[in-house]
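Enquirer: predicted model, plus sequence, below.
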Amino acid sequence: MDRREFLDILQNQLAGQMHEGKIAAHLRYYEDYIQSQVMRGRSEQDVLAELGDPRLIARTLLDTDTDSGNISYEEYSTEHSGFSGDDYKEDQGHAHNSQDKPWQDKPWHEKLISLVIFVGILSVLIKMIGRLMPSLIMIAVGVYVISFLFRRR
């Protein structure tokens with residue numbers, strides 16, 4: 001089974017039993033997940049094997065669908081999103097560009113290193129301001145006293 005067949009089966013199992021917008025959102029989620037894993041070097045077959053049977057996924061999605069009908073899914077519908085249930089080609093731009101969400105594809109250790117560097121720079125700036133603050137206060141008091149003395153004359 002390839003990606004297109006997986007997504008076709010998933011769509012067919014959900015069709016008519018769930019709002020069209022939710023179906024499109026679920027299909028986009030699985031399409032994006034498969035593409036992101038393939039971009040990380042995994043084979044499509046390994047990813048699909050990990051996901052399992054699309055019929056079981058559809059049954060789980062339907063069983064856990066608690067929509068009371070009060071939520072609008074128009075933003076997810078195929079009419080508004082450009083998502084076509086019949087077309088899952090990579091060249092249509094459904095894959096997210098890593099520049100759209102720069103933190104999405106970074107490993108946890110790179111995020112941690114960036115956070116540590118940010119906190120380090122922030123603490124250095126706070127210490128510098130803390131050390132300069134007494135001098136700035138003394139200068140401000142001096143200017144105030146001088147201006148007060150000149151106003152008295």
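Expert: Looks like it came in fine.
Enquirer: chain center to the lengthiest helix in the chain: distance?
Expert: Secondary structure assigned by DSSP state H gives helix 108-152 as the longest helix of the chain. In terms of C-alpha atoms, centre = their mean, to the nearest Å, the centre of helix 108-152 is found 35 Å from the chain centre.
Enquirer: same check, this time on stretch 31-39
Expert: 14 Å.
Enquirer: do the same with stretch 34-51
Expert: Relative to the centre of its chain, stretch 34-51 is centred 19 Å away, using C-alpha atoms, centre = their mean.
Enquirer: may I have the distance across that stretch, first residue to last?
Expert: 9 Å (C-alpha to C-alpha, to the nearest Å).
Enquirer: buried residues, that stretch. List them.
Expert: The neighbour-count check on stretch 34-51 (16 or more other C-beta atoms under 10 Å) flags 34-38, 47-48, 51 as buried. Glycine gets a C-beta too; all of them are placed from N, C-alpha and C.
Enquirer: pick the one among the residues you listed closest to V141.
Expert: S36 (59.0 Å; C-beta to C-beta).
Enquirer: checking the closest one next. Helix, strand or coil?
Expert: Secondary structure of S36, reduced to three states by DSSP: H, G, I helix; E, B strand; the rest coil: helix.
Enquirer: okay if I get the buried residues of stretch 34-51 as JSON lines plus pLDDT?
Expert: Listed next are these as JSON lines, based on pLDDT from 0 to 100:
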{"residue": "I34", "pLDDT": "93"}
{"residue": "Q35", "pLDDT": "93"}
{"residue": "S36", "pLDDT": "93"}
{"residue": "Q37", "pLDDT": "93"}
{"residue": "V38", "pLDDT": "93"}
{"residue": "V47", "pLDDT": "92"}
{"residue": "L48", "pLDDT": "94"}
{"residue": "L51", "pLDDT": "93"}
